[in-house]
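**Q** any chance you can model this:
(2 chains)
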Amino acid sequence: DTGVSQDPRHKITKRGQNVTFRCDPISEHNRLYWYRQTLGQGPEFLTYFQNEAQLEKSRLLSDRFSAERPKGSFSTLEIQRTEQGDSAMYLCASSLGVIGDDEQFFGPGTRLTVL
Amino acid sequence: QKEVEQDPGPLSVPEGAIVSLNCTYSNSAFQYFMWYRQYSRKGPELLMYTYSSGNKEDGRFTAQVDKSSKYISLFIRDSQPSDSATYLCAMSANTGGFKTIFGAGTRLFVKA
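**A** Sure thing, here's the model as predicted:
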């Protein structure tokens, strides 16, 4: 399977705990995006990487959130001191990064539940 | 006001009907327009990708963009029960940021 993969698919944690999610993009894609989606809403942009450089971050990405893409391949999203409001689906997408043809392909998402 | 507005539905149609899904937007800088299909508890799947104004057809799907009215549409012909899903419009500006803004999604039910 050469699509975008995410791990874990589901995560249940207690409030105050730290969680980390992983995303493996399509191998030749140099752009990687993180989104958050809550029930009944579309995905909300969190951040994106061009290779290993984090080029843009949404104001939704509070200080408790950090994302890395250390070698320009896989990426991790960490949430520290989780809150119940962090419960959502966290989606990763990747793209080639070609102007005029920058289609984003999404992974299956990680569903986070904070108790 | 949200940058992208989309009626959440639900929209229920009989099998074989023509479905029309729409979004409006406020940011005139948007140049790239997409439609995604999302099944329950799955990631979005790209259906159509268009640049600027005009129409694009792919099988039973037709996407239309009217930049003068800031209005985009997706038409599904001969709808099937397997088309039952949430349809998300999305768009981004040609400013180098490549941040994509999504609509809230319209839930579609196609009854057999």
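**Q** going by C-alpha atoms from here, please, whenever you check contacts or count neighbours.
**A** Noted.
**Q** convert the C-alpha atoms of the lowest-mean-pLDDT helix or strand in chain A to CSV, please.
**A** Ranking every helix and strand in chain A by mean pLDDT, DSSP states H and E puts strand A:53-57 at the bottom, with a mean of 89. This file holds the C-alpha atoms of strand A:53-57, laid out as CSV (Å, rounded to 0.1, in the frame of the first residue of the first chain):
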residue,chain,number,x,y,z
ALA,A,53,11.0,22.7,7.3
GLN,A,54,7.8,23.7,9.1
LEU,A,55,6.6,26.6,7.0
GLU,A,56,3.2,27.5,8.4
LYS,A,57,1.4,27.0,11.7
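**Q** which strands or helices does it pack on?
**A** Using 3 or more CA pairs under 8 Å, 6 or more residues apart in numbering or on different chains; DSSP states H and E, the elements in contact with strand A:53-57 are strand A:44-50.
**Q** which residues touch the strand it packs on?
**A** Strand A:44-50 is contacted by residues A:30-37, A:54-61, A:67, A:69, A:72, A:97, B:99-102 when judged by CA atoms under 8 Å, 6 or more residues apart in numbering or on different chains.
**Q** and residue 86, how many residues sit next to it?
**A** By default, I'm working from chain A. By other CA atoms under 10 Å in any protein chain shown, the residues close to A:Asp86 number 16.
**Q** wait, chain B was what I had in mind.
**A** 23.
**Q** how close does the closest residue to B:Leu21 other than its chain neighbours sit to chain A?
**A** Closest residue to B:Leu21 apart from its sequence neighbours, by CA to CA, 6 or more residues apart in numbering or on different chains: B:Leu74 at 5.1 Å. Using CA to the nearest CA, to the nearest Å, one obtains 17 Å as the distance from B:Leu74 to chain A.
**Q** for stretch A:90-109, how far is the first residue from the last?
**A** Chord length of stretch A:90-109, first to last residue, is 5 Å (CA to CA, to the nearest Å).
**Q** and it, anywhere near chain B?
**A** Yes. Judged by CA under 8 Å from any CA of the partner chain, stretch A:90-109 comes into contact with chain B at A:Leu91, A:Gly100, A:Glu103, A:Gln104, A:Phe105, A:Phe106, A:Gly107, A:Pro108, A:Gly109.
**Q** so who does B:Ala93 touch?
**A** With CA under 8 Å, 6+ apart, B:Ala93 has these contacts: B:Ala29, B:Phe30, B:Gln31, B:Tyr32, B:Lys99, B:Thr100.
**Q** could you report the distance from it to A:Tyr35?
**A** B:Ala93 is 17 Å from A:Tyr35, where distance means CA to CA.
**Q** which parts of chain A sit against chain B?
**A** When proximity is defined as CA under 8 Å from any CA, chain A approaches chain B at A:40-45, A:56, A:91, A:100, A:103-109.
**Q** which of those fall within strands?
**A** Judged by DSSP state E, these include A:Glu44, A:Phe45, A:Glu56, A:Leu91, A:Phe105, A:Phe106 as members of strands.
**Q** what about the closest residue in space to A:Lys14 that isn't next to it in sequence, how many neighbours?
**A** The shortest distance from A:Lys14 to any non-neighbouring residue, by CA to CA, 6+ apart, is to A:Leu115 (4.8 Å). A count of neighbours around A:Leu115, defined by other CA under 10 Å, yields 13.
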